[in-house]
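>>> no letters, just coordinates:
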């Protein structure tokens, strides 16, 4: 009898949908859906916060790097990251943000660089861009720093 009850409870636990996690930094909050996970939880190094998400299929990764710009203008920040990502073309300004494309381990990627006062945010999608954009639009929020999120 106890064994049947234990098996029943185990099966019921498997049937309950997993609750979404909330992942937050001082710049963004993400109501993480079941089919996405934080492969690198929020990490701060010298005032710069990094967090990386990927979908369950592993074909779309979204990365946020946010912190003080150290007095650099937004174009310089964008050029620095474009060089780091080995972008074949320099960043292009669109709607007050800079964007550039790159390839990483034979996977296409796109970055948006935004600024607000002395803070910058680099948002990068590697892999399936459509899935990454949908993830950002639906699950990533920021009350105080909404202007740092990519405009697409």
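Thanks, I have it. Keep in mind that this is a model prediction, so the values were computed, not measured.
>>> how about residue 150: what's its closest non-neighbour residue?
residue 112 (3.7 Å; CB to CB, 6 or more residues apart in numbering). (Each C-beta comes from the backbone N, C-alpha and C, glycine too.)
>>> contact partners for the one you found?
Contacts for residue 112 (CB atoms under 8 Å, 6 or more residues apart in numbering) come out as 97, 98, 99, 122, 123, 124, 150, 151, 152.
>>> just the helices in this protein please.
Secondary structure of the chain (DSSP state H): helices at 2-15, 74-84, 129-139.
>>> any weak-confidence spans in this structure?
1-20 (pLDDT under 70).
>>> which of the contacts of residue 112 are buried, as a ChimeraX select command?
Selecting only the buried entries of the contacts of residue 112 in ChimeraX, with 16 or more other CB atoms under 10 Å as the criterion:
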select :97,98,99,122,123,124,150
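>>> could I get the phi/psi values of residue 143?
The phi and psi torsions at residue 143 (degrees, to the nearest 10) take the values phi -70, psi -50.
>>> give me the number of residues near it?
Number of residues near residue 143 (other CB atoms under 10 Å) recorded here: 7.
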